[in-house]
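>>> Okay, here's the prediction I keep looking at, along with the sequence it came from:
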Protein chains: 4
Amino acid sequence: MAQRRSGLWHSNEVRYNRSPMSTPPLSARKLIHSILLSKGRMEALTDGIFAIAMTLLVLELKVPDLPKRVGATELLQKIGEEAPAFFSFMMSFLYCGLLWVMHHLAMHFVRHLQIALVWLNLLFLMSISLMPFSCGLLGHFLRNRAAQEIYFSNMFVAAALVAAQWLVAKKKKLINEDDLLASQLMGQQVIFLPVALGAGLVAASFNPLMGSYGFIVVLLALRLWQRRWHRNRIANPASPSS
Amino acid sequence: MAQRRSGLWHSNEVRYNRSPMSTPPLSARKLIHSILLSKGRMEALTDGIFAIAMTLLVLELKVPDLPKRVGATELLQKIGEEAPAFFSFMMSFLYCGLLWVMHHLAMHFVRHLQIALVWLNLLFLMSISLMPFSCGLLGHFLRNRAAQEIYFSNMFVAAALVAAQWLVAKKKKLINEDDLLASQLMGQQVIFLPVALGAGLVAASFNPLMGSYGFIVVLLALRLWQRRWHRNRIANPASPSS
Amino acid sequence: MAQRRSGLWHSNEVRYNRSPMSTPPLSARKLIHSILLSKGRMEALTDGIFAIAMTLLVLELKVPDLPKRVGATELLQKIGEEAPAFFSFMMSFLYCGLLWVMHHLAMHFVRHLQIALVWLNLLFLMSISLMPFSCGLLGHFLRNRAAQEIYFSNMFVAAALVAAQWLVAKKKKLINEDDLLASQLMGQQVIFLPVALGAGLVAASFNPLMGSYGFIVVLLALRLWQRRWHRNRIANPASPSS
Amino acid sequence: MAQRRSGLWHSNEVRYNRSPMSTPPLSARKLIHSILLSKGRMEALTDGIFAIAMTLLVLELKVPDLPKRVGATELLQKIGEEAPAFFSFMMSFLYCGLLWVMHHLAMHFVRHLQIALVWLNLLFLMSISLMPFSCGLLGHFLRNRAAQEIYFSNMFVAAALVAAQWLVAKKKKLINEDDLLASQLMGQQVIFLPVALGAGLVAASFNPLMGSYGFIVVLLALRLWQRRWHRNRIANPASPSS
């Protein structure tokens, strides 16, 4: 049977994910799922959805509904009133950019995809494509606690789904650990963001201001821990601590 | 004449689809159509339209039209009233994701494109780009039978056009059958979805609730049949069934 | 100087377009413009703009503004009233698909880009990105002569800009004519469409109905001429008639 | 340690940016940032955001809100009143096209990316994705000074961010200077545009009309200087003047 499949086996797009020892025949469902999806097309869909979600954010910035011959001062003032929308647009654009960079960096370490990773990535993309809604909500109701909670929950879910992809890829041994140190640091980065955002969300449920503090304190603490861990790691490269 | 063409013949993008034995000269129209379109660019257009359609779904989630200083409870309640729109957004996003994965998997088995496949794929993309409309309709009129029928018909047409592409590619011998078992299972998967959706649509024309039952029952039955077929196929790999 | 440039010269992305005999030094402007733009990225932008314009067409299909608990019949009737918008959506989607296929086929024959082709392509993309507006206009005012003229002029301009790209590429010797017959037929195809559309527009300026007749008659006549030309060409392959 | 990393080192996507002499161990943060982002995916995101922003410009062209059976003359007149919006659409589309071409040409000279360039590029993309808003503003308030200032500031910021990317890449020695003359001319082109736009903005703060003059005069002066510089450079190729 192995020979019959050789034609596909050697193509550089379709690869099979069966360990050479798997003697029991796979179920029909698993056989299809064992076809690995092309990393390139998943990245194309990801880049496309990021590009669109990041550009749709601008649709929340409405051209003021004023008569055409309005004065410059009045127009500027009206646009100034929309400052929260601009603030929300910029924060959302840069946060999406950050997630894109993180996802991009993390994907460097993933050797190939599996169906579970594809679905996690689709959920991740769903949370990204929700950002224009959350961003518009925050831009319109900047000081409203419900809007803030929805916005930051959306941020948290997106970051958590990047971390989940990493953890699943790690469990399924899809992470390239040739440079063990770099892959470990990458994994830490990927997990720090949702942990800090989650801490901020919990803190904010007591007091909105505490939210930002919680986020910053936890992120700094994690970074300090990472620096110490890294220094120890360099000093004792042999220890297989993870 | 064969030599004159050698420059193009060896390029890795433009390939001709004429069997070496075709001695009668092709008509002008067929000669142009025999130039095979690049699979890569068709995939780029496909990924682009999927990315955009999946992200445009969010435009149906409108920021509530409330005064800026509204209370958190009132805002949450207003957003809660839009629950059908969120439900429709999520279902549509995941269904489009499913079709994208199926189309992606199926394309692994297609060796190259022909003009007929390109047009079938454009019709498929048209049905995908209609999804934001159908999704918005369902989100707004969740319990309306006309909205449900339009939405599920759209789903059905999209799935049927994936199946049609598979069948046409198979008839034109464009399917890579080096791994015969995998390509047969893939073909079954591709055909099961529209069959089950069609069954659901027919059942729903009698009674809306029967629609979901019809869909699930048919899909389960097809899966059970596939499992048995697969077990037989493994036991007697020589039989050229299907 | 030639040696100094060798590093770039051999890269497969940046190529210079200077004939080896060009001894007089190029002007600063021409030197920059002689850097050839990557065909791949131009295709990526083209595929992106096509994907978006084709998907934005759907935004003209509005979810009917009816109360949530409206009956199925009333909803269907309201959607039925929007039939012109659906007709316009489908025609525009398929026409854009046709132009995409033609542009795609024509690009197979273009060896590399030059700045003039890039700007012509940007103008072409501008006409494509106008399609959602023209399509919306026609969908809303299907029987209005002004809407029809704007819509078909947009179609004509887009098709004419594909033809213009072909003619410029041909004049600048960028067309791969290894398969002379195929490239000649491609060139004819590319020019037939705007000629027939132009004829239709002229005819329609006398009488709307004559527009469609003019288009069809001219396209059929051109096809018949092409068939005869092709038959002669096959019979006398030596004659260098173009 | 160098050997352990060899697996990644030779991959053609992930490259490390450490000079071979850097003996002191990098900090955790720098180690992650030293992973170079793939130029291909940054280009995909860039092409995507350009394609979307350029196509969203069309959303500012609204189908006139007239009864369906309106006369052709009245419809044309109403569309004619929107001439400023069409003018703004075309100018913005072509300006975005120009920036895309410049960014594209400049990227040919960039050997690889670093995290600083990625963030500068994200800021650049943010300014591009703001264009549909600025374009809509100018289209609606063409003669309003505030709208003009916002529009041209947006243009200026986008052009300045291309120049900033070039300067940062140059400082970090990421520019391929194998063809020194071409890379120097490219650098000049990239810097001329924001300088001329900035001059126009300053001049316009005194008098709107002076703005256009300022822009044109400065651009011409820079071009003349470039032509003389280029002629000197050809005459004395040895002089390492920059």
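Perfect, I can see it now.

>>> Which helix or which strand is home to the most far-flung residue of chain A relative to its centre?
Distance to the chain centre peaks in chain A at residue A:69, reaching 44.8 Å (criterion: Cα atoms, centre = their mean). Following DSSP states H and E, one finds residue A:69 outside all helices and strands.

>>> how far away is it from chain D?
To chain D, residue A:69 is 8 Å away according to Cβ to the nearest Cβ, to the nearest Å. C-beta here means a position set from N, CA and C on the backbone, and glycine is covered the same way.

>>> Ramachandran angles for that residue?
Main-chain torsions, residue A:69, degrees, to the nearest 10: phi -100, psi 30.

>>> gap between stretch A:182-200 and the chain center?
Relative to its parent chain, stretch A:182-200 has a centroid offset of 11 Å by Cα atoms, centre = their mean, to the nearest Å.

>>> hmm, I was thinking of stretch A:200-219
20 Å.

>>> got the contact list for it?
A:145, A:148, A:149, A:152, A:153, A:156, A:192, A:193, A:195, A:196, A:197, A:199 (Cβ atoms under 8 Å, 6 or more residues apart in numbering or on different chains).

>>> Apart from its neighbours in sequence, what residue is nearest residue A:158?
Using Cβ to Cβ, 6 or more residues apart in numbering or on different chains and skipping residues adjacent in sequence, the residue nearest residue A:158 is residue A:127, 4.1 Å away.

>>> check contacts around the one you found.
For residue A:127, the contact set (Cβ under 8 Å, 6+ apart) comprises A:154, A:157, A:158, A:161.

>>> which ones among these are found in helices?
Using DSSP state H, the subset of the contacts of residue A:127 located in helices is A:154, A:157, A:158, A:161.

>>> Could you give the number of residues near the third one?
Think residue A:158. For residue A:158, the count of nearby residues is 25 (other Cβ atoms under 10 Å in any protein chain shown).

>>> For residue A:129, see how far away it is.
Look at residue A:158 and residue A:129: by Cβ to Cβ, to the nearest Å, they are 10 Å apart.

>>> what does the last one give?
Noted for residue A:161: a distance of 12 Å to residue A:129, by Cβ to Cβ.

>>> Is stretch A:54-64 in proximity to chain D?
Yes: interface with chain D: stretch A:54-64 contributes A:54, A:55, A:56, A:57, A:58, A:59, A:61, A:63 (Cβ under 8 Å from any Cβ of the partner chain).

>>> Residue ranges in chain A under the pLDDT threshold?
Along chain A, segments meeting pLDDT under 70 span A:1-37, A:237-242.

>>> Let's see if you can find the most crowded of the contacts of residue A:127.
Ranking the contacts of residue A:127 using other Cβ under 10 Å puts residue A:158 first, with 25 neighbours.

>>> tell me the contacts of it?
A:99, A:124, A:127, A:128, A:131.

>>> of those, buried ones?
Neighbour counting by 16 or more other Cβ atoms under 10 Å in any protein chain shown classes A:99, A:124, A:127, A:128, A:131 among those as buried.

>>> mind checking which helix or strand the third one is in?
Secondary-structure assignment from DSSP H and E places residue A:127 in helix A:115-129.

>>> other SSEs contacting the very next helix or strand once past that helix?
Using DSSP H and E, the helix or strand that follows helix A:115-129 towards the C-terminus is helix A:131-140. If you count contacts as 3 or more Cβ pairs under 8 Å, 6 or more residues apart in numbering or on different chains; DSSP states H and E, helix A:131-140 packs onto helix A:39-56, helix A:83-109, helix A:145-171.

>>> highest average neighbour count across those helices?
Of the helices and strands packed on helix A:131-140, the one with the most neighbours on average (mean count of other Cβ atoms under 10 Å in any protein chain shown) is helix A:39-56, at a mean of 24.

>>> Would you mind getting the angle between that helix and helix A:115-129?
If you take axes from the mean of the first three to the mean of the last three Cα atoms, to 10 degrees, helix A:39-56 sits at 10 degrees to helix A:115-129.

>>> Any residue of the helix or strand that comes right after helix A:39-56 touching chain D?
Downstream of helix A:39-56, the next assigned helix or strand under DSSP H and E is helix A:72-81. Yes: Helix A:72-81 comes into contact with chain D (Cβ under 8 Å from any Cβ), by way of A:72, A:73, A:75, A:76, A:79.

>>> ok, so what distance separates residue A:57 from residue A:44?
Distance, residue A:57 to residue A:44, using Cβ to Cβ: 21 Å.

>>> try residue A:118
13 Å.

>>> how many neighbours does the nearest residue to residue A:145 once chain neighbours are set aside have?
Distances taken as Cβ to Cβ, 6+ apart place residue B:72 nearest to residue A:145, at 4.3 Å, with adjacent residues excluded. Residue B:72: 15 surrounding residues under other Cβ under 10 Å.

>>> Spit out the contact partners of residue B:72.
The contact partners of residue B:72, by Cβ under 8 Å, 6+ apart, come to A:144, A:145, A:146, A:147.

>>> just curious, which of these is nearest to chain D?
residue A:147 (21.1 Å; Cβ to the nearest Cβ).

>>> From residue B:155, how far out is the closest residue to the closest one other than its chain neighbours?
Computed as Cβ to Cβ, 6+ apart, the closest residue to residue A:147 that is not its neighbour in sequence is residue A:141, at 3.9 Å. Residue A:141 sits at a distance of 34 Å from residue B:155 (criterion: Cβ to Cβ).

>>> try residue A:65
Separation of residue A:65 from residue B:155 (Cβ to Cβ) stands at 38 Å.

>>> Likewise for residue A:212?
43 Å.

>>> and if you look at residue A:105?
For residue A:105, the distance to residue B:155 (Cβ to Cβ) stands at 36 Å.

>>> again, but for residue A:96
29 Å.

>>> who touches the residue nearest to residue A:44 when sequence neighbours are not counted in this structure?
If the residues on either side of it in the chain are set aside, residue A:44 comes closest to residue B:47, at 4.4 Å by Cβ to Cβ, 6+ apart. Residue B:47 makes contacts with A:41, A:44, A:45, A:48, B:100, as judged by Cβ under 8 Å, 6+ apart.

>>> just residue A:100 next, same as before
By Cβ under 8 Å, 6+ apart, the contact list for residue A:100 reads A:47, A:50, D:45.

>>> which residues touch the second one?
Residues counted as contacts of residue A:50 (Cβ under 8 Å, 6+ apart) are A:96, A:100, A:128, D:45, D:48.

>>> do that again at 10 Å, thanks
When contacts are counted by Cβ atoms under 10 Å, 6 or more residues apart in numbering or on different chains, residue A:50 touches A:96-97, A:99-100, A:103-104, A:125, A:128-129, A:131, B:51, B:55, D:44-45, D:48-49.

>>> picking that back up, how about the helix holding residue A:127: buried residues?
Buried, per 16+ other Cβ under 10 Å, within helix A:115-129: A:115-118, A:120-129.
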